[in-house]
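Asker: Got a predicted model here, sequence first, then my questions.
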Amino acid sequence: MFDAKLLLIGFLQALFVLLLAPFFAGLSRVLRAKMHSRKGPPLFQYYYDIIKLMKRQEVRPAQATWVFRATPYIIMVSILLIATLIPMWVLQSPFGIIGDMILVIYLFAMIRFFLAMSGFDSGSGFAQIGVARELSLGILMEPTIMLVLFIIALFAGSTNLGVMSEMIALGKISYTAPVIWLGMAAFAVATFVETGKLPFDLAEAEQEVQEGPLTEYSGPRLALVKWGLFMKQVVVVSLFLAIFFPFGSAVVPGFLGVLGGAVLFFLKLICCYVILAVVENSMARLTLFGSPRVTWVALGIALLSFVFYLVQI
């Protein structure tokens, strides 16, 4: 049976991600500007952009089907569902046994699939090149995340994200094991790639290939897709924090404990975005065909972690 308090926490987590995702995207952009000694855009610029796009007229390609039209809503709903499953503020998945890593990975894969299909469905050559770039990154990142979560699940004896988070927080999965450090490193690289930072992406350089599947979107649907991708960045970082840094999350769903866990989780997200900004600004942008070299490294680290688990190092 579901716990009413945990369900409420799950819905609040989804609301947290929905409302603050443009803020974190704006924070990342402002930090990058400050490191370049530029003034940069306002912190809330993405909120203004979303509101502006919502008011604009929408133009769709003539050959676009329901895939193109439905993708923005599928992305938003999928991300909100993932946000309710991840144990962000408490050491349990708000949806209990449904908070399984396989379901979360499936939802991430579904988002990428529909985003790619919408690019093909638009009929734009630029969108299709962008889709190829997006898929070349994702084809290795999702196996990396899946493999690392699988290793943690072997230690925890469960694929439930709440159990895995609790085992780490209570010290039942030791941080001193090399397999954990390697898994954490691989997951960190995958998180960095999924957040769309340099050397893989650049928010200010929105040329056709960069925009990829978004090229033919406009008006409210473009706002939803952009908003959904901001939310995906927050959710991916949240998943990393929930698995490897669950400290401070409430053990039981009491008011003060959950409030403290939510505040601490917000501060951890801020720290992650600052670290991401520092790493991002130390790199140059990779070419279209250069990016997979880095993603192969992440998958290699994850495989090495799995080998260490098998030989019990």
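Answerer: Yep, it's here. Since the structure is predicted, the reported quantities are computational estimates derived from the model, not experimental observations.
Asker: could you pull out the helices for the stretch 1-150 of the chain?
Answerer: 4-35, 45-55, 66-85, 101-122, 125-156 (DSSP state H, counting those that start in this stretch).
Asker: chain center to the fourth one, what's the gap?
Answerer: From the chain centre to the centre of helix 101-122 is a distance of 13 Å (Cα atoms, centre = their mean, to the nearest Å).
Asker: So which elements touch it?
Answerer: Judged by 3 or more Cβ pairs under 8 Å, 6 or more residues apart in numbering; DSSP states H and E, helix 101-122 is in contact with helix 66-85, helix 125-156, helix 161-169, helix 219-244. For every residue, glycine as well, the C-beta is placed using N, CA and C.
Asker: and these as CSV, adding mean pLDDT and mean neighbour count?
Answerer: Shown next, in CSV, are the helices and strands packed on helix 101-122 (pLDDT from 0 to 100; neighbours: other Cβ atoms under 10 Å):
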stretch, mean pLDDT, mean neighbour count
helix 66-85, 94, 20
helix 125-156, 82, 20
helix 161-169, 90, 24
helix 219-244, 93, 23
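Asker: where does Phe200 land on pLDDT?
Answerer: What the model reports as pLDDT for Phe200 is 62.
Asker: again, but for the one 10 residues further on
Answerer: In this prediction, Gln210 carries a pLDDT score of 51.
Asker: Which residue comes closest to Met184 once chain neighbours are left out?
Answerer: Among residues not flanking Met184 along the chain, Phe244 sits closest, at 5.1 Å (Cβ to Cβ, 6 or more residues apart in numbering).
Asker: nearest to Ser305, of the helices and strands packed on helix 101-122?
Answerer: Distance to Ser305, taken as Cβ to Cβ, is lowest for helix 125-156 among the helices and strands packed on helix 101-122, at 5.8 Å.
Asker: which strands and helices sit next to that closest one?
Answerer: helix 101-122, helix 161-169, helix 178-194, helix 208-211, helix 219-244, helix 291-310.
Asker: Any idea which of the ones you listed gets closest to Gln57?
Answerer: Closest to Gln57 of the helices and strands packed on helix 125-156 is helix 219-244 (Cβ to Cβ; 5.7 Å).
Asker: buried residues in the following helix or strand past the closest one?
Answerer: The element immediately downstream of helix 219-244 (helix or strand, assigned by DSSP states H and E) is helix 255-280. By neighbour count on 16 or more other Cβ atoms under 10 Å, the buried set for helix 255-280 is 257-258, 261-262, 264-265, 268-269, 272-273, 276-277, 280.
Asker: So what angle separates the directions of helix 255-280 and helix 4-35?
Answerer: Going by axes from the mean of the first three to the mean of the last three Cα atoms, to 10 degrees, helix 255-280 is angled at 30 degrees with respect to helix 4-35.
Asker: Can you tell me which helices and strands helix 255-280 packs against?
Answerer: Using 3+ Cβ pairs under 8 Å, 6+ apart, the elements in contact with helix 255-280 are helix 4-35, helix 219-244.
Asker: Now distance to Ser93 too, for those, in TSV please.
Answerer: Converted to TSV, the helices and strands packed on helix 255-280 look like this (distance: least, Cβ to Cβ, whole Å):
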stretch	distance to Ser93
helix 4-35	8
helix 219-244	9
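Asker: closest one to Val59 among those helices?
Answerer: Nearest to Val59 among those is helix 219-244; the distance by Cβ to Cβ comes to 7.2 Å.
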